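1. my questions concern the predicted model and sequence given below.
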Amino acid sequence: MTGGYDGLVTERRGQILVLRLDRPEARNALTGPMMRGLGAAAREAENDPEIRAIVLTGSGDRAFCSGMDLRVFAEGGSVGFDNPDDADAYRRLSAGELAVPVVGAANGTAVGGGLELLLGCDIIVASTEAKFGLPEVKRGLFPGGGGTTIGTRIPVGAALEMTLTGDPITATRGYELGLVNAVVAQEKVLDTALGYAERIAANAPLGLAACKELVRLSVSDSALAASRLKEWQSTVFSSADAKEGAAAFVEKRAPVWQGR
């Protein structure tokens, strides 16, 4: 099953939704329609109980995403959202707040808004040729779309180096810092990301949502994480899936998750 929006291709692979930024001639730079498409697709994924994970990647071998397409916007392209729910879903995708786990497949370089979008992914697979950077200070700006949260993913000293110098790092350096989970040959990036997504999708949806929210909160808002932990404990440990997980273990069979 395939489909898409202007500049964005969507493909359903079993329980995984693949979203591919598709403007390789422009280094997959983001346009308004692409952002609206990402928001709509993310919202649909959250509302579809059969989708257990998202893989986000780009077309071509040059870039995952080079950030906002300033040329298109300068020519009057709109960045607005017609649907406020899509706008909220795009924001939550970028902030790592979607209930559905997201695996980033960085087929190439991600800079500026492209890296900010990648930071919303829970696991990142990168091409050996990829580079990552937040060059905004070189242009009189700062990474105001979420890039300043990079210190929650890598050591603060390295985060400050990237944001204050604006210089990019290699995929290997990203792996050393913990930004990237795996560095593989470019032709293996998508398959490796799909492998992560398949392993994630095999697990219980409520448990996944709890892990995703609580692990992220633990490094950004420990007080809220403690509060939400109690709520998640009540929800997950009394769920049908918790009972199913125990029964499947005792009966030595694969569990059948219901997401409730």
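-> Good, I have the coordinates.

2. how much space between A63 and G14?
-> As judged by C-beta to C-beta, to the nearest Å, A63 and G14 stand 28 Å apart. Using the backbone N, CA and C atoms, a C-beta is placed for each residue, glycine as well.

3. these two: who's more crowded?
-> Using other C-beta atoms under 10 Å as the criterion, A63 and G14 rank with A63 on top: 25 against 14.

4. ok, and the closest non-adjacent residue to that one?
-> Distances taken as C-beta to C-beta, 6 or more residues apart in numbering place R27 nearest to A63, at 3.8 Å, with adjacent residues excluded.

5. can I assume that neighbour is in contact with C65?
-> Yes. R27 is in contact with C65 according to C-beta atoms under 8 Å; the separation is 7.4 Å.

6. neighbour count for the two, which is higher?
-> Set R27 next to C65 and count neighbours by other C-beta under 10 Å: C65 wins out with 30 against 22.

7. next one: E136, what pLDDT does it get?
-> As summarised for this prediction, E136 has a pLDDT of 94.

8. count of neighbours near it?
-> E136: 21 surrounding residues under other C-beta under 10 Å.

9. phi, psi for D6 please.
-> phi -60, psi 110 (degrees, to the nearest 10).

10. A159 reaches G151, doesn't it?
-> Yes. Applying C-beta under 8 Å, one finds A159 in contact with G151, separated by 3.8 Å.

11. neighbour count for these two, which is higher?
-> Remark: of A159 and G151, A159 carries more neighbours, 20 against 16, as counted by other C-beta under 10 Å.

12. so how far is A126 from that one?
-> 18 Å.

13. before we move on, what about A254?
-> The value you get for A254 to A126, if C-beta to C-beta is used, is 31 Å.

14. residues in contact with the residue lying closest to E129 once chain neighbours are set aside?
-> Of all residues not flanking E129 in the chain, Q186 sits nearest, at 5.9 Å (C-beta to C-beta, 6+ apart). The neighbours of Q186, taking C-beta atoms under 8 Å, 6 or more residues apart in numbering as the test, are 61, 107-108, 127-129.

15. rerun at 7 Å
-> Q186 makes contact with 61, 107, 127-129, according to C-beta atoms under 7 Å, 6 or more residues apart in numbering.

16. now do I16
-> Neighbouring residues of I16 by C-beta under 7 Å, 6+ apart: 53, 55, 194, 197-198, 201.

17. now intersect these with the helices, please.
-> Those of these mapping onto helices are 194, 197-198, 201, per DSSP state H.

18. just the element for Y175, please.
-> Following DSSP states H and E, one finds Y175 within helix 171-177.

19. avg pLDDT for that helix?
-> 98.

20. buried residues in it?
-> 171, 173-175, 177 (16 or more other C-beta atoms under 10 Å).

21. off-centre distance for that helix?
-> In terms of C-alpha atoms, centre = their mean, to the nearest Å, the centre of helix 171-177 is set 18 Å apart from its chain centre.
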